[in-house]
Structures are given as C-alpha cells and as structure tokens.
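Peer 1: Provided below for reference: sequence and predicted model.
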Amino acid sequence: MEPQPFRQERVLQGRTFQYNDESFIQRNSFTARASEFHAAPVPRDHIEGTGGSTRTRELFLDASVKVTRQFDDEGTLDFQYRFRRSEDFDGRYTRNLIGIGVHPGGGFQARLMADVRGDKSRIDLQPELGWQDDAGNAARFAVVLPEYLFNSKQDEGQYLSEPITLFSAGEWHPSSDSTLRGYISASPETELEIPSLERRFRDESLQGGASIQYRLSERSRLRWLAEGLATNRHESATTSNRSATMERRAWRSRIALTLGGDPVSQWRLGGEFLSLSEKGALIGGAQQLSSRDEHLVFAGLTTPLSADWHFAPELFVSHVDGESIQGIDRRRTDHDGTYAKVSLPFTWSPGNGAQLTLNPTVELHSAAFGGGNLRVRIPL
C-alpha cells in the first residue's frame with residue numbers, strides 16, 4: 001500500500017511496453033501469491049522482489065525494499081529507506097525514498113520522506129503520519145508533493161497547477177480470525193506545460209482498494225481483494241486549438257481459498273476478474289490503448305520436498321475478450337481467446353524467514369516454454 005503520485009513520464013512517454021493476449025496471465029503466474037494480498041499500511045522491514053521474462057524482449061520486475069534504523073536506544077528517532085521498482089498501466093516506475101521518523105509514543109509516528117534523484121528539480125517530498133497498536137490495527141496518511149522544492153529549476157517543463165497526491169490506508173482486526181484492509185490514493189488535476197514540445201498536459205487519477213482475510217481454521221484461509229482505478233488525461237497544443245483526451249477505467253476482483261492438508265501442506269483455489277478500458281487518443285509518446293475483460297481461475301498445491309524445500313505447482317486458465325489500438329494509424333489487434341499456463345516453482349526456505357523461489361512456467365495452449373522467474377523474500 002503506497003501512494004501513486006503524478007510523474008511526468010505518464011504523459012510524456014506513456015506505457016513503453018505493450019499488452020498482448022497473455023500479458024496478464026503471465027503476470028499472475030509470477031505474482032499469484034505475492035504480498036499485495038496481505039500488504040500492511042505500515043509494512044515491516046523487508047527485501048522482496050520478483051523478476052522474470054514475459055516476452056522475448058520484455059522483463060517483468062517488481063522489487064521492494066524497506067529498511068529502518070534507530071538513532072537512539074529509546075527508538076524515538078529513526079532513519080528509513082524505501083525502494084520500489086514496479087509497473088502500472090502507465091508503464092514502469094521507480095521510487096527511491098529516504099527520510100527520518102519521530103515516535104512520540106502511543107504507537108504514533110511522523111515521517112518526512114523524499115523521493116531523491118540526481119536531478120534536484122524532480123525530487124518529491126512525502127510527509128506522513130502513522131499509527132499502529134499491539135493488536136496490529138494500523139492507519140497511515142501521506143501527502144506527496146511531486147517536484148516541490150525545485151520546480152523552477154526544470155529546463156523542460158513547468159507546472160501550471162501544483163501536483164499533489166493524497167493517500168490513506170488502514171488495517172483493522174475485528175476478531176482474531178479476520179483482517180480488513182483498505183487504501184485510497186487521489187491525485188487532483190495537474191497541469192504541466194512543456195514549451196519545447198509546444199504542449200500542455202492535464203492529468204487526474206483516483207485509485208483505491210480493499211481486502212478481507214478470514215481464517216476458517218488453523219490452516220485454512222479465505223481472501224478477497226478488490227481494486228479500482230480512474231484516470232483522465234488531456235493534451236493540447238500551445239500554438240493552436242488542437243487537443244486530445246484519454247480516459248482509463250480499470251478494476252479487478254480476486255478471491256482465493258487456501259486449505260490445509262496432510263501430507264500436502266496446502267491447496268489453493270481461486271479466481272480473478274479484470275476489466276481494463278482505455279479510450280480516446282494516444283497522449284504524448286504513448287503507443288497503445290488496450291481494453292479487455294479477462295476471467296482467470298487458478299488451482300494449485302504446496303507439498304514439502306524436504307525440511308528446506310517445497311514444490312508449489314499451479315494451473316492458470318484465462319479467457320480474454322479484448323482488443324488493442326496501436327500507433328498513430330490506430331491498428332487494431334484482437335486479443336480474444338482462452339489461454340492456460342502451469343507454473344512449477346521450487347522454493348528454498350533456510351529457516352530464518354527468507355525464501356528463494358525458481359519458477360519455470362509452461363504454456364499449455366501452445367505447448368511451449370512460458371518463461372521463468374526468480375523470487376526473493378527476506379524479512380529484516
């Protein structure tokens with residue numbers, strides 16, 4: 001659960017990779033059990049990452065690092081580093097935050113973080129307030145001020161309206177068996193002018209989600225997740241009346257049931273529905289508009305191979321109804337079809353909470369190798 005602030009690359013470059021028939025079943029086979037299902041508003045320190053091949057010339061990467069070190073024995077002042085490299089519907093992005101935190105007591109904390117870059121004009125400020133009790137209930141509020149300190153030093157662009165992102169997240173445990181989580185990230189309209197391109201851009205977005213986890217028994221759990229996103233984007237020429245707009249609406253709902261067993265340690269069943277609609281014009285350097293409804297079901301099991309190794313094969317079947325529009329000539333590509341894939345991850349767990357997973361995959365619909373990925377998880 002992290003803010004998604006405005007970044008200039010959204011409007012100037014757009015998504016630098018393109019979605020195809022298998023883009024989302026590929027990403028699901030890499031991240032089906034990743035931490036977004038149980039991400040906390042105030043996450044613990046960790047190193048976590050997934051990287052793998054999604055196409056011949058395309059690499060999927062989702063990496064996260066959070067490290068906190070106290071300045072004093074009482075823990076009232078600390079230094080924190082956060083790193084995130086991932087992707088969204090606007091393309092790949094990196095956030096590299098450093099800052100200090102103050103803990104006045106009662107589970108409260110206040111932080112000032114900065115997303116630092118070599119170009120000072122692109123530094124974001126991010127003040128935060130957080131709270132967490134002994135039961136795990138938590139709340140976090142953040143304001144992101146993109147490129148706040150040195151906007152006047154920019155050579156290429158000037159903001160005509162100051163960008164800001166408002167973020168809040170919470171976690172509540174109504175009982176010992178249930179957990180509720182939610183977040184919202186809102187970026188009101190931002191207006192950016194690039195004189196060298198003779199272009200002016202406007203962008204606004206709203207994103208939010210909620211999840212429920214319920215423990216059915218000691219080793220069985222039911223999880224449900226829902227997320228939604230809305231983006232409106234406008235481009236106009238500063239020397240003429242030409243203009244263009246783009247509208248994106250996306251939402252997904254995912255449910256997963258985990259059942260304990262013996263000698264098989266876990267069974268997993270679930271499904272996901274994804275709806276993505278991108279309409280309008282190609283803004284900035286964008287190369288593709290994609291719309292699709294995708295239904296996914298998955299089933300798998302986890303079985304131990306030894307004290308340190310386990311094997312967790314999983315089957316994914318996806319049905320897609322959709323199409324993409326590419327290039328200024330607006331070529332249409334049909335994505336309709338049914339696709340199936342098996343992931344075959346082997347995980348080494350040395351006993352300190354760390355995990356290393358090698359995950360080759362096989363495409364059943366084409367009887368071909370479906371790429372592989374590597375996952376690392378290290379709690380700190």
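Peer 2: Cool, got the structure.

Peer 1: which residues are contacting the helix or strand of the chain with the lowest mean pLDDT?
Peer 2: Sorting the helices and strands of the chain by mean pLDDT, DSSP states H and E puts strand 158-161 at the bottom, at a mean of 84. Strand 158-161 has contacts (Cβ atoms under 8 Å, 6 or more residues apart in numbering) with 147, 151, 152, 189, 190, 191, 192, 193, 195, 200. Backbone N, C-alpha and C define where each C-beta goes, glycine included.

Peer 1: helix or strand right after it?
Peer 2: Sequence-wise, the next helix or strand downstream of strand 158-161 (DSSP states H and E) is strand 165-175.

Peer 1: quick one: contacts for the closest residue to residue 276 other than its chain neighbours?
Peer 2: Sequence neighbours aside, residue 250 is the residue nearest to residue 276 in space, at 4.7 Å (criterion: Cβ to Cβ, 6 or more residues apart in numbering). By Cβ under 8 Å, 6+ apart, the contact set of residue 250 is 89, 228, 229, 274, 275, 276, 277.

Peer 1: One more pass at 7 Å, please.
Peer 2: 89, 229, 275, 276 (Cβ atoms under 7 Å, 6 or more residues apart in numbering).

Peer 1: quick one: it is in a helix?
Peer 2: No - under DSSP: H, G, I helix; E, B strand; the rest coil, residue 250 sits outside any helix and is assigned strand.

Peer 1: circling back: of the contacts of strand 158-161, which one scores lowest on pLDDT?
Peer 2: Comparing pLDDT over the contacts of strand 158-161, residue 152 scores lowest. The value there is 60.

Peer 1: Quick check, residue 82 in contact with residue 97.
Peer 2: Yes - under the criterion of Cβ atoms under 7 Å, residue 82 makes contact with residue 97 at 4.3 Å.

Peer 1: and the gap between the nearest residue to residue 194 once chain neighbours are set aside and residue 121?
Peer 2: Excluding the flanking residues, the one nearest residue 194 by Cβ to Cβ, 6+ apart is residue 157, at 4.8 Å. To residue 121, residue 157 is 9 Å away according to Cβ to Cβ, to the nearest Å.

Peer 1: Would you mind telling me which of these two has more residues around it?
Peer 2: Neighbour count, other Cβ atoms under 10 Å: between residue 157 and residue 121, residue 157 has more, with 21 against 15.

Peer 1: Next up, the contacts around that one.
Peer 2: 8, 192, 193, 194.

Peer 1: Below-threshold pLDDT in the stretch 201-350 of the chain: ranges please.
Peer 2: Regions of the stretch 201-350 of the chain meeting the criterion pLDDT under 70 cover residues 262-264.

Peer 1: let's see it at 80
Peer 2: Scanning the stretch 201-350 of the chain for pLDDT under 80 picks out 261-264.

Peer 1: need the helices for it, in chain order.
Peer 2: With DSSP state H, counting those that start in this stretch as the criterion, the stretch 201-350 of the chain has no helices.

Peer 1: Which parts of it are strands?
Peer 2: Secondary structure of the stretch 201-350 of the chain (DSSP state E, counting those that start in this stretch): strands at 220-237, 243-260, 266-280, 288-304, 309-311, 314-326, 331-334, 337-343, 346-348.

Peer 1: picking that back up, narrow the contacts of residue 157 to those in helices?
Peer 2: Those of the contacts of residue 157 mapping onto helices are residue 8, per DSSP state H.

Peer 1: Which pair of the contacts of residue 157 spans the longest distance?
Peer 2: Of all pairs drawn from the contacts of residue 157, the widest gap by Cβ to Cβ lies between 8 and 193 and measures 11.3 Å.

Peer 1: okay, the two: which has more neighbours?
Peer 2: residue 8 (21 against 16).

Peer 1: Against residue 318, how distant is the residue nearest to residue 194?
Peer 2: 39 Å.

Peer 1: can you check residue 136 too?
Peer 2: According to Cβ to Cβ, residue 136 stands 34 Å off from residue 318.

Peer 1: Those two: which is more packed in?
Peer 2: Remark: of residue 136 and residue 318, residue 318 carries more neighbours, 24 against 12, as counted by other Cβ under 10 Å.

Peer 1: Quick check: the more buried one touching residue 298?
Peer 2: No - at 9.0 Å, residue 318 does not count as touching residue 298 under the criterion of Cβ under 7 Å.

Peer 1: still on that earlier bit, out of the strands of the stretch 201-350 of the chain, flag the one nearest residue 59.
Peer 2: Across the strands of the stretch 201-350 of the chain, residue 59 has its closest neighbour in strand 337-343 (17.0 Å, Cβ to Cβ).

Peer 1: From the rest of the structure, what touches the helix ranked longest in the chain?
Peer 2: In the chain, taking DSSP H as the definition, the longest helix is helix 23-31. Applying Cβ under 7 Å, 6+ apart, the contact partners of helix 23-31 are 50, 52, 54, 60, 62, 274, 294, 296, 316, 318, 339, 341, 343, 359, 361, 371, 373.

Peer 1: what mean pLDDT does that helix have?
Peer 2: Here the average pLDDT along helix 23-31 is 87.

Peer 1: Check which residues of it are buried.
Peer 2: 23, 24, 25, 26, 27, 28, 29, 30, 31 (16 or more other Cβ atoms under 10 Å).
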